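Engineer: I would like to see how this sequence folds:
(one chain, ligands or ions: 2)
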Amino acid sequence: MIEQENEIKKVLDNLSAPNIAVIGLTGVGKSSLINKIFGNNIATTGAGRAITTEYTKYSPSAFDIDLPVSLYDSPGYEPGIEQGAFVKKTIDFLKYKNRQGKEEQIHILWYLINASTARLTQADIDIIEKINHNHIPAIIVLSKCDIAQPAEKEQVKKAIEETMFSKVYKIVEVAASPLTLPNGEYICEPFGMKELVNLTSELLPKTYSDALIVAQIVDIESKRKLAWKYIREASIACFGVGAIPIPLSSPTGAIGALGYMYNRIIVAYGHTNRALLLAISGITLGGVRTVVTNALLDVFSLTFPGISALTGGTAAVFTAASGIAFTKTCERLAIEKLSDSEGEIKQKIREIFQEEFRNSSSLQVSKPNDLDRVGTDFINHKI
Ligand SMILES: Nc1nc2c(ncn2[C@@H]2O[C@H](COP(=O)(O)OP(=O)(O)O)[C@@H](O)[C@H]2O)c(=O)[nH]1
Ligand SMILES: [Mg+2]
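Structural biologist: Residues are numbered from 1 along each chain as shown. Ligands and ions are numbered 1, 2, ... in the order given. As a prediction, this is how the structure comes out:
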């Protein structure tokens, strides 16, 4: 368990966590949005009056793992009654953060406006002006779009345009927690979170966007690109001068040599679903690798017969093929509905990994440049 925590910690420590400020009056839907994007019930939702009057920093966590994102949740202020205090507190906070160093600064800001109220308040305008003045990248999030009439949404958008803010900001429409009808069904599926994540990742400085992709769970496909970055790094290393050959005497050695790549992929997908997490926290990280190792035993000698160690292009093929197969395994486990039984999960990991390894082991990689084509095919779902 300790070993597993260290392995996960090592991967997480190498990611730079972005500071995201989530700003909006009480009840606008901040907690619901945060919960949807990062999973788990990390922020309490409800119409009740929030107690805190300060901006509070916290990292969402999933199953005891702190995710690599720092959120600044705006304090509880009631619409109408306390907007003046809200504006003051928010502007003080932004000024304060702006004076701090690069790492402490707000890297991106989500400003929530309830679309169904159909108006932009003076408080919104004052705060957005301040954000603009301080050059903080921001996205205006129109919340509760499931219950807003098209005309209401247009009215808010028009008001934003009239203030000229639209030249600086993007607007995203979301419904994080759509209304439930009397028959128990949602009025519509939740929407907009994926767009918000993609836009945020584009606007964030490059060093921070990887951590966002790891932490969020609404856009599983974006994790594939990130996984490829890790696989590519490990594969390129096989061509390096003095690269240590991947030992084939036992698949355990081969998998062990690529441990860091596997751990990074696991961390990217790990908290996407309860069963996958069980595989990580229950079976332990090393345990997942054992399952993969055993799965490899069957397909290994067929793919690389009569060789004792892999170097150069052959090692790169093995690295890329097993990395791709492992990513696809995590991806499928993240999307599929899984049982909570450890035995069944292990069996499933084994089956999926073998199938995917067979599919990807015929890759052609004899020089580093060949990896570009492999990467493009993988990202475009052709492998
Ligand atoms: N119809 C609808 N209601 C929402 C949506 N998001 C949140 N709510 C509801 O609005 C209320 C306040 O949400 P909450 O996330 O706690 O807001 P916060 O105070 O800004 O954190 C709760 O009752 C939520 O269920 C949404 O997208 N659509
Ligand atoms: Mg809240």
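
Engineer: Now do the contacts for the residue of the stretch 201-350 of the chain found nearest ligand 1.
Structural biologist: Ligand 1 sits closest to V218 of the stretch 201-350 of the chain, with a gap of 13.6 Å, by C-beta to the nearest ligand atom. No exception for glycine: its C-beta is placed from N, CA and C like everyone else's. Residues in contact with V218 (C-beta atoms under 8 Å, 6 or more residues apart in numbering) are K36, I37, M193, K194, V197.

Engineer: Make CSV out of those residues and add secondary structure and pLDDT.
Structural biologist: Output for these, formatted as CSV (DSSP: H, G, I helix; E, B strand; the rest coil; pLDDT from 0 to 100):
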residue, secondary structure, pLDDT
K36, helix, 93
I37, helix, 95
M193, helix, 97
K194, helix, 97
V197, helix, 98
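
Engineer: Output those residues in JSON lines; the columns should cover distance to ligand 1 and neighbour count.
Structural biologist: Converted to JSON lines, the contacts of V218 look like this (distance: C-beta to the nearest ligand atom, whole Å; neighbours: other C-beta atoms under 10 Å):
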{"residue": "K36", "distance to ligand 1": "9", "neighbour count": "20"}
{"residue": "I37", "distance to ligand 1": "12", "neighbour count": "27"}
{"residue": "M193", "distance to ligand 1": "10", "neighbour count": "20"}
{"residue": "K194", "distance to ligand 1": "14", "neighbour count": "18"}
{"residue": "V197", "distance to ligand 1": "16", "neighbour count": "22"}
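
Engineer: ok so, going back, tell me how far the residue nearest to the residue of the stretch 201-350 of the chain closest to ligand 1 when sequence neighbours are not counted lies from D210.
Structural biologist: Nearest non-adjacent residue to V218, counting by C-beta to C-beta, 6 or more residues apart in numbering: M193, 4.2 Å away. Taking C-beta to C-beta, to the nearest Å as the measure, M193 falls 19 Å from D210.

Engineer: What helix or strand is the residue of the chain found nearest ligand 2 located in?
Structural biologist: Ranking the residues of the chain by distance to ligand 2 (C-beta to the ion) places S31 first, at 3.3 Å. Element membership of S31 [criterion: DSSP states H and E] is helix 30-38.

Engineer: Wait, V197 touches V214, no?
Structural biologist: No: contact status for V197 versus V214: not in contact, 11.5 Å apart, counting by C-beta atoms under 8 Å.

Engineer: For Y230, which three-state class applies?
Structural biologist: Of the three states, Y230 takes helix under DSSP: H, G, I helix; E, B strand; the rest coil.

Engineer: Check which helix or strand the nearest residue to it once chain neighbours are set aside maps to.
Structural biologist: Sequence neighbours aside, R264 is the residue nearest to Y230 in space, at 4.5 Å (criterion: C-beta to C-beta, 6+ apart). Per DSSP H and E, R264 falls inside helix 259-269.

Engineer: Give the buried residues for that helix.
Structural biologist: M261, Y262, N263, R264, I265, I266, V267, A268, Y269 (16 or more other C-beta atoms under 10 Å).

Engineer: Give me the next element, helix or strand, following the worst-scoring helix or strand of the chain on mean pLDDT.
Structural biologist: Lowest on mean pLDDT, DSSP states H and E among the helices and strands of the chain sits helix 285-303, with a mean of 61. The helix or strand immediately downstream of helix 285-303 is strand 309-310, counting by DSSP H and E.

Engineer: per-residue confidence averaged over that next one?
Structural biologist: For strand 309-310, mean pLDDT is 77.

Engineer: what angle sits between the helix or strand following that strand and helix 259-269?
Structural biologist: In the C-terminal direction, the helix or strand that comes right after strand 309-310 (DSSP H and E) is helix 312-335. Helix 312-335 runs at 20 degrees relative to helix 259-269, counting by axes from the mean of the first three to the mean of the last three C-alpha atoms, to 10 degrees.

Engineer: so what's the closest residue to E356 other than its chain neighbours up against?
Structural biologist: Using C-beta to C-beta, 6+ apart and skipping residues adjacent in sequence, the residue nearest E356 is A325, 3.8 Å away. Contacts for A325 (C-beta under 8 Å, 6+ apart) come out as F353, E356, F357, N359, S360, S361.

Engineer: which residues are in contact with the one helix or strand T90 maps to?
Structural biologist: Secondary structure assigned from DSSP H and E places T90 in helix 83-99. Here helix 83-99 makes contact (C-beta under 8 Å, 6+ apart) with 19, 21, 23, 25, 53-55, 72, 74-75, 77, 104-106, 121-123, 126-127, 130-131, 134, 136.

Engineer: Now, the residues you listed that are in strands?
Structural biologist: Judged by DSSP state E, the subset of those located in strands is N19, A21, I23, Y72.

Engineer: ranking these by neighbours, who comes first?
Structural biologist: Within those, most neighbours by other C-beta atoms under 10 Å means I23, with 27 neighbours.

Engineer: how about the residues of this protein near ligand 2?
Structural biologist: Residues of the chain lying near ligand 2 by C-beta under 5 Å from the ion: K30, S31.

Engineer: how about low-confidence regions in the chain?
Structural biologist: 1-5, 40-52, 63-64, 164-168, 248-256, 273-307, 340 (pLDDT under 70).

Engineer: how does it divide into domains?
Structural biologist: For the chain, automatic domain parsing gives the domain ranges 16-210, 219-379.

Engineer: how far does the first one stretch from start to finish?
Structural biologist: Across its full length, domain 16-210 reaches 8 Å end to end, with C-alpha to C-alpha, to the nearest Å as the criterion.

Engineer: I am finished for the moment; much appreciated.
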